[in-house]
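1. Here is a sequence with its predicted model. Questions after.
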Amino acid sequence: MRNYLVASDLSARSDAALARALALAAADQAAGRPAHVRLLHVIDEAAGHAAHATDLLAAQVQRVAGPGAPVQPCTIAGDPDETILAEAEALDAALILMGVPRPRRFPLSLAGTTAERVLSATNRPLAVIRRPAGTAWQRQMLALEDAPASLDLLHRARDLGLIAGADVTVLHATNLPGPDRLRTGGMSSVTLQSLDMHAMEELEHRLRRRWREALASSAHLDFALRHGPPAPAITGLQASGHFDLVVMGARGHGSLLRNLLGSTSAEIIRDLDTDLICLPLAD
């Protein structure tokens, strides 16, 4: 049984997350794997709106999936982050899905979005959904580090039904200095560009060899290597490539402040214009 947990704020933003979860569950069932979708809304017990929230959640199911949908709506009173985490563990969720985070004004923005806070504390994959469920995840960008943990990320992505049959572009943002940051030593810009090209080709060859087996099921495979930090590399490639899905690792189980100040995944959750799956990596 593959279980999906959709965290709903009862808005249209959550509709896309529910629709995607139902589409994933339908694909699982078509492949002979039982699947279950739980739609969770966390309510403020003190506010006294439990009955109203239950009605709104039922209306969301009807609006997105229609009568008889294979989804279990559930309202629970409590802290949103803690409740989502607890339900994900109880359900043994293969994927937590959320809609696009609401814009937050300073100083509330310092606490991060619910997705960021949940991601910082879970070891389960988390998806932030922006696109309609009718859009297939055919064009997938995998943002990978040059590290052993990336192989585990690829295996976890395959376990979720990703990569196989998709057009995959592997993005690696390298900390190798670009030609504009090298001390010339009297070398011309043409020579520096040539040296950089050779170094990047060697790096790509090494990464292809390391990840070849894990990526073998893709329909088409490209590599994109960029100089500099991961976040601008991801958003830059997305701007030119228009991918249906971005998959990246995330360092969870750490200081939220550290994650907010230095987390690529937190930045991408806020800024990316397509669907995103974050796969927590071991530190």
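-> That came in fine, so what should we check first? Remember, predicted model here, so these are calculated numbers, not experimental data.
2. for the chain, which spans come out with low pLDDT?
-> 45-50, 102-111, 176-192, 251-263, 282-283 (pLDDT under 70).
3. let's go with 90 and repeat that
-> Applying pLDDT under 90 to the chain flags residues 43-54, 65-70, 100-117, 119-121, 133-135, 174-200, 227-229, 250-271, 280-283.
4. So residue 150 is in contact with residue 249, correct?
-> Yes: here residue 150 lies in contact with residue 249, judged by C-beta atoms under 8 Å, at a distance of 7.0 Å. No exception for glycine: its C-beta is placed from N, CA and C like everyone else's.
5. Between the two, tell me which one has more neighbours.
-> residue 249 (24 against 21; other C-beta atoms under 10 Å).
6. tell me the secondary structure for that one?
-> Under DSSP: H, G, I helix; E, B strand; the rest coil, residue 249 falls in the strand class.
7. Who are the packing partners of the longest helix seen in the chain?
-> Identified as the longest helix of the chain according to DSSP state H is helix 189-211. If contacts are counted by 3 or more C-beta pairs under 8 Å, 6 or more residues apart in numbering; DSSP states H and E, helix 189-211 sits against helix 149-159, strand 167-174, strand 220-227.
8. Now render these as JSON lines, adding distance to residue 140.
-> Below are the helices and strands packed on helix 189-211 laid out as JSON lines (distance: least, C-beta to C-beta, whole Å):
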{"stretch": "helix 149-159", "distance to residue 140": "8"}
{"stretch": "strand 167-174", "distance to residue 140": "5"}
{"stretch": "strand 220-227", "distance to residue 140": "10"}
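9. State the helix or strand in which residue 134 lies.
-> For residue 134, there is no enclosing helix or strand under DSSP states H and E.
10. what separates it from residue 22, distance-wise?
-> The gap separating residue 134 from residue 22 is 11 Å, by C-beta to C-beta, to the nearest Å.
11. same thing with residue 227?
-> 41 Å.
12. who's more crowded, the two?
-> A direct count of neighbours by other C-beta under 10 Å for residue 227 and residue 22 places residue 22 higher, at 22 against 16.
13. Please report the distance of the more buried one from residue 216.
-> 30 Å.
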